[in-house]
Structure formats: C-alpha cells, structure tokens
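1. Got a predicted model here, sequence first, then my questions.
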Amino acid sequence: MRSLIKLAALLLLLPLLIAGQASTQEFKKNIMTGGPKGTYIQIGRNLAKLGNECGRTLNVVESAGSLENLIAVRSKLNTQFGIVQSDVLDYLKAFQAGDKELQNAIWGVRIMFPLYNEEIHILANQDIRVLSDLAGKKVAIGKKDSGTFLTASLIMDIMKVNSAERVPLGSGDALQALLDGEIDAMFYVAGAPTKLFDDPRIASANLHLLPLNETPLLTTYIPSTIKAGTYPFMDEAVDVVAVKAVLMTYEYRAKKNEYQRQSCKAVSDFSNLLVTNLDRLKKEGHPKWNNVDLTAIPPGWKVAKCVKKGMALSYKLQCSRRPVTFATPAYTLDKEYLNLLKQRMKKKSN
C-alpha cells in the first residue's frame with residue numbers, strides 16, 4: 001500500500017517552487033473531487049456555485065478519489081483544494097514517521113474544513129449476507145489512487161478476508177461488472193445518497209447493501225446507518241460504518257511569490273464563503289451539508305493559516321450578494337480556530 005502512495009506521489013509531483021511568476025491570464029483555482037456520480041463532485045459544484053456568485057471561478061475536477069486528491073493538493077499546479085477520506089489521512093499519519101518518501105508526499109498539506117461522514121457501501125449478490133462471505137468471491141475494491149481502494153483494502157485486511165479476489169475497478173465499471181455477473185460485490189465509499197446507486201437496474205438484479213457492524217471495524221470506523229428508501233432497492237435500513245470527508249488545502253506562504261500569494265487568497269476567500277454560507281449550503285446544496293461538523297478535525301493535522309485568515313471577522317470579501325453568517329459549536333483542538341468560531345457566534349447573537 002505504501003509503495004502505491006509513493007508511486008502516485010512521483011507521478012503527480014510538480015514542485016510549487018516552479019510557479020514563482022503568476023500568469024497574466026486569470027488565476028486558476030481547482031478542487032479535486034471524485035467520479036461523476038459521487039458525492040465529492042456535487043460538494044465541489046456547490047462550492048463552485050458560491051464562488052461564481054462572488055466573481056471567483058473554481059474549476060471542479062474529476063479524479064480517482066482521495067489519494068490522488070491529497071497528492072494533487074501537495075504537488076499539482078493551480079490545485080488549491082481536494083476532498084479526502086479521514087482513514088486515508090490516518091493511514092498516512094501512521095506510516096509516515098519513519099518513511100521520508102511518505103513525509104515528502106504529504107509535506108505542507110493542511111486541513112481546510114472537516115465535512116461529513118461518508119458511508120461505506122458494499123453492494124453484493126443476495127447470497128452474500130455478511131462480510132466474511134466475500135471469501136473466495138470477486139470483489140471490486142475501487143480504482144487505484146482512490147479512497148475506496150484504500151478503505152476496501154483496509155477493511156478486508158482487518159476482517160482477514162484474504163481469499164477474495166480484489167479487482168481494481170472504478171465505481172461505474174464496477175457497477176456494470178456486478179450487473180453483468182462478472183463480479184460478486186463492489187465497495188464504494190460515498191456520502192449517502194450517491195447518484196451511482198439510483199440506477200433502477202440494481203433492484204431488478206436482486207442486489208443488496210451488505211451490513212457492516214463487525215466489532216473490529218468499530219475501532220477504526222464510525223458507526224452509521226443508511227436509512228430505508230435512501231435508494232430505490234432499499235426496503236429496510238442497513239447498519240454500516242463510515243469515514244469522515246475532509247476538505248484539504250496547502251500551507252501557502254503569501255510572501256514567497258505571486259503564485260503562493262494568489263493561492264493563499266483563494267483559500268482565504270473560499271474559507272470565508274463556506275463559513276458564511278453554511279446555512280445556505282444546508283438548505284440548497286447536497287443533503288450531506290446537513291451533517292457537516294466544522295469542529296471534527298482529524299487529530300494530528302493542522303489547519304492552514306490562509307484558512308484562518310479567511311475566517312476572521314475582519315476579512316473583507318466583496319461579492320455580488322451578501323453572504324449569510326452562521327453559528328457553530330466550539331472547537332477545542334486548535335485555539336486560534338476556536339476563537340475565530342466564537343467570534344462569529346458572538347457576532348450573530350448581537
């Protein structure tokens with residue numbers, strides 16, 4: 001697994017130092033998301049809509065998922081934002097201490113905001129009733145460089161489902177292979193509801209979501225439930241486990257060069273837009289915005305300074321419409337972050 005991460009880092013590596021001069025064209029801002037039917041891309045589009053209303057273009061980029069997104073934020077030009085699963089962050093933190101290549105792959109990567117819980121979906125044939133039934137079966141575990149790939153690998157390792165044939169297919173190809181009878185089950189990590197499983201063919205193929213409530217999994221993952229009716233083929237609720245989706249960025253140094261100055265401003269601008277429009281996102285955006293908890297930052301990761309700058313009450317962002325302020329619970333791991341949230345709570349109460 002570590003060798004895969006190192007390879008991805010080498011393939012995407014484009015040092016930020018080469019961007020010392022800003023282009024005369026419009027400064028580009030990109031957010032790395034996921035596949036076309038996943039939740040990440042819808043979250044990215046919601047943020048891009050806020051930016052467009054404020055005269056700030058944000059390009060929403062499809063990707064393989066979490067691992068590619070994390071490395072792109074570290075190394076890819078004009079890529080200031082990326083959405084990543086928390087277990088990917090946990091994995092990297094656990095193994096980077098004695099590995100300089102991994103340290104380099106994540107150096108300078110910072111938290112922007114924690115988002116929502118992502119349910120781990122395993123869509124399977126009806127004869128597969130529990131996780132251990134995957135033994136000896138063909139199981140799609142996601143495209144390489146995706147968060148689904150890493151999560152599926154970790155879960156199968158934790159539960160010692162070693163005899164299953166692990167097939168590296170992206171979500172769309174995996175669903176088609178499952179419908180065609182070429183595989184027996186597929187993993188997909190996405191915030192429910194995800195458009196991928198709205199496909200009416202799933203019900204006619206007699207597939208179901210596998211429950212995930214084994215005790216060993218609960219030491220690493222968050223218990224969750226996918227409610228009855230979330231997808232057309234679901235008549236009953238299914239207990240599963242989940243990971244946290246986290247919006248990541250880079251620790252830009254505005255005084256270093258023009259590229260980093262403009263990137264820092266982009267991070268500050270979109271931090272301000274998200275914080276001041278969270279209530280609106282909950283009403284108008286993807287349903288998962290209702291589960292966003294800005295206090296749930298994964299331990300061991302720092303919040304970027306440019307993020308905190310955009311959260312300050314003194315930060316001025318001129319838009320075509322006045323953003324709506326909101327209040328949020330206190331956060332205890334980062335004092336500066338906590339103080340900024342408290343200031344916004346106080347302002348709204350006055």
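-> Yep, it's here.

2. Can you classify the residue lying closest to I141 once chain neighbours are set aside by secondary structure?
-> Setting aside the residues directly before and after it, I141 is nearest to A152 in space (Cβ to Cβ, 6 or more residues apart in numbering), at 3.7 Å. C-beta here means a position set from N, CA and C on the backbone, and glycine is covered the same way. State at A152, reduced to three classes by DSSP: H, G, I helix; E, B strand; the rest coil: helix.

3. what does N117 give?
-> strand.

4. Could you tell me which residues make contact with the residue nearest to I141?
-> Shown in contact with A152 (Cβ atoms under 8 Å, 6 or more residues apart in numbering): 139, 141-142, 166, 187, 189.

5. where's it relative to S146, distance?
-> 9 Å (Cβ to Cβ, to the nearest Å).

6. And for G65?
-> As judged by Cβ to Cβ, G65 and S146 stand 3 Å apart.

7. and if you look at G310?
-> The value you get for G310 to S146, if Cβ to Cβ is used, is 29 Å.

8. Also M32?
-> 12 Å.

9. what's the overlap in contacts for these two?
-> Between them, M32 and S146 share these contacting residues under Cβ under 8 Å, 6+ apart: E68.

10. show me what contacts the nearest residue to L131 once chain neighbours are set aside?
-> Of all residues not flanking L131 in the chain, M159 sits nearest, at 5.3 Å (Cβ to Cβ, 6+ apart). M159 makes contact with 131-132, 214, 216-217 under the criterion Cβ under 8 Å, 6+ apart.

11. rerun that using 7 Å as the cut-off
-> By Cβ atoms under 7 Å, 6 or more residues apart in numbering, the residues touching M159 are 131-132, 214, 216.

12. hey, where'd the helices end up in the stretch 201-350 of the chain?
-> 201-204, 258-276, 278-284, 305-311, 335-349 (DSSP state H, counting those that start in this stretch).

13. For those, please prepare JSON lines with the additional fields distance to G38 and mean pLDDT.
-> Output for those, formatted as JSON lines (distance: least, Cβ to Cβ, whole Å; pLDDT from 0 to 100):
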{"stretch": "helix 201-204", "distance to G38": "16", "mean pLDDT": "93"}
{"stretch": "helix 258-276", "distance to G38": "19", "mean pLDDT": "96"}
{"stretch": "helix 278-284", "distance to G38": "18", "mean pLDDT": "95"}
{"stretch": "helix 305-311", "distance to G38": "24", "mean pLDDT": "96"}
{"stretch": "helix 335-349", "distance to G38": "28", "mean pLDDT": "70"}
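
14. among those helices, which is nearest L247?
-> helix 258-276 (8.0 Å; Cβ to Cβ).

15. So for G310 and S146, which sits in the more crowded spot?
-> A side-by-side neighbour count of G310 and S146, using other Cβ atoms under 10 Å, places S146 first with 29 against 24.

16. for the record, mean pLDDT for stretch 122-140?
-> Stretch 122-140 shows a mean pLDDT of 97.

17. And the contacts of it?
-> Contacts of stretch 122-140 (Cβ under 7 Å, 6+ apart): 159, 161, 163-167, 169, 174, 177-178, 183-188, 197, 206-210, 212, 214.

18. which of those residues are buried?
-> 159, 161, 164, 166-167, 169, 174, 177-178, 183-188, 197, 207-210, 212 (16 or more other Cβ atoms under 10 Å).

19. Which of these fall within strands?
-> In this view, the buried ones among the contacts of stretch 122-140 that belong to strands under DSSP state E are 166-167, 185-188, 207-209.

20. between those residues, which is nearest Y221?
-> Proximity of those to Y221 (Cβ to Cβ) peaks at F187, which lies at 12.9 Å.

21. so where is the stretch 101-250 of the chain shaky, pLDDT-wise?
-> The model of the stretch 101-250 of the chain has no residue with pLDDT under 70.

22. of the helices of the stretch 201-350 of the chain, which approaches E236 most closely?
-> helix 201-204 (13.5 Å).

23. Mind listing what's buried along that closest one?
-> Per 16+ other Cβ under 10 Å, helix 201-204 contains these buried residues: I202.
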